[in-house]
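Q: would you be able to build a 3D model of this:
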Amino acid sequence: MTHYRNALSTLAATVLIASATFGASAQEKAAAPAPSDPNKVLATVNGQAITQGEVDQASNDLDPQFSRLPDEQRRLAALAALIDIKALATEGKAEKLDQTDEFKQRMAFLNDRALHNEYFKKEIVDKITDADIRARYDKEIAATPPQNEVRARHILVKTKEEAEAIIKKLDGGAKFEDLAKESSTDGSAAQGGDLGYFGQGQMVPEFEKAAFALEPGTYTKEPVQTQFGFHVIKVEDKRTQQPPAFDQVKDQVRSIIMRERYVDLVKKLRTELKVSYADPAIEKAMKQASGEETPAPAAPAGEAPKQ
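A: Here you go, the predicted structure:
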């Protein structure tokens, strides 16, 4: 699946999700089910109510280590965390920490990020259907021709003479894996030169041509020269890799669609909302970073760039 995983991973979704980390201690599981009324007050801290709705929200945002707790223990851990938060927040307010410019900037950012996430969910996440995912899979993955792959080992050395000497040892019955561990300068030496399975286009051309020409169990009778040195290559196996099943990559395909729609939405909104920059240098740098403007080539040494 190497070919397909690489294609999918290049379009991995980038989504900003607001999160909070709460410290809490696990409690013994209670027999009673969690109340369903979001307005029900579960505790107060210095007169400030903590409701079931707040606990439900905190429970969803707990550190991942709490996700394995039973529901009631998660709820109680969230309540304990909220009590701690309220207690410290009360003292922070008493010291007027919420009046500082830094705090106000932080709250403005958190507010914008939360709105960003809600709008992202409404306009993109909730609108991606199973039919969208299936159509994309059928078009770009299922329709992709099967990929020929080989599993090979190699021994990399600096000179042609060294490679020829290794081939003579192989002809004399030496084990390829042992020679790789003894002589190869490649990082795969510790694994007996094993490179695993690879498809076409993943190795330098000279190496690929030699490897795909071999039959399983055979090795090159002449050294193969590449930019890295001289190789002796042995093919262990050949196979035809079929596209992955829909269920294997459904979530990855969803992420591809999500990412693409997010990028399109941001481009549209940036145009409509007329983004501007106070500093022309920042504007130029932003356009270059986003690919809207190609940077000028560097001037040769001792020559000033043309204005």
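
Q: so which strand or helix has residue 196?
A: strand 194-199 (DSSP states H and E).

Q: packing partners of the helix or strand following that strand?
A: Next helix or strand after strand 194-199 toward the C-terminus (DSSP H and E): helix 205-213. Judged by 3 or more CB pairs under 8 Å, 6 or more residues apart in numbering; DSSP states H and E, helix 205-213 is in contact with strand 147-157, strand 224-226, strand 229-241. The way it works is simple: take the backbone N, C-alpha and C, and place the C-beta from them, glycine included.

Q: can you put the ones you listed in JSON lines and add mean neighbour count and distance to residue 126?
A: Below are the helices and strands packed on helix 205-213 laid out as JSON lines (neighbours: other CB atoms under 10 Å; distance: least, CB to CB, whole Å):
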{"stretch": "strand 147-157", "mean neighbour count": "22", "distance to residue 126": "35"}
{"stretch": "strand 224-226", "mean neighbour count": "16", "distance to residue 126": "51"}
{"stretch": "strand 229-241", "mean neighbour count": "19", "distance to residue 126": "35"}
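
Q: okay if I get those strands as TSV plus mean pLDDT and distance to residue 179?
A: Below are these laid out as TSV (pLDDT from 0 to 100; distance: least, CB to CB, whole Å):
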stretch	mean pLDDT	distance to residue 179
strand 147-157	97	6
strand 224-226	98	15
strand 229-241	97	8
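
Q: could you dump the ones you listed to TSV with distance to residue 131?
A: Formatted as TSV, the helices and strands packed on helix 205-213 follow (distance: least, CB to CB, whole Å):
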stretch	distance to residue 131
strand 147-157	27
strand 224-226	47
strand 229-241	27
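
Q: returning to that earlier point: helices or strands up against the strand holding residue 196?
A: helix 2-9, strand 147-157, strand 229-241.

Q: ok, 7 Å please
A: Contacts defined by 3 or more CB pairs under 7 Å, 6 or more residues apart in numbering; DSSP states H and E place strand 194-199 against helix 2-9, strand 147-157.

Q: residues touching it, excluding its own?
A: 2-3, 147-154, 188 (CB atoms under 7 Å, 6 or more residues apart in numbering).

Q: could I get the average pLDDT for the longest helix along the chain?
A: The longest helix of the chain (DSSP state H) is helix 246-272. When pLDDT is averaged along helix 246-272, the result is 94.

Q: off-centre distance for it?
A: Here helix 246-272 is found 14 Å from its chain centre; the criterion is CA atoms, centre = their mean, to the nearest Å.

Q: what angle separates the helix or strand following that helix from helix 246-272?
A: Using DSSP H and E, the helix or strand that follows helix 246-272 in sequence is helix 280-290. Comparing the axes of helix 280-290 and helix 246-272 via axes from the mean of the first three to the mean of the last three CA atoms, to 10 degrees yields an angle of 160 degrees.

Q: residue numbering should commence at 5 henceforth.
A: Sure, I'll start counting at 5 from here, so that last one is helix 284-294.

Q: what mean pLDDT does helix 284-294 get?
A: Mean per-residue pLDDT for helix 284-294: 87.

Q: domain parsing of the chain, as residue ranges.
A: 6-26+41-127, 151-245 (automatic domain parsing).

Q: ok, which of these comes nearest residue 256?
A: Residue 256 lies closest to domain 6-26+41-127 among those, at 4.5 Å (CB to CB).

Q: was I right about residue 210 contacting residue 226?
A: No - between residue 210 and residue 226 there is no contact under CB atoms under 7 Å: 11.7 Å.
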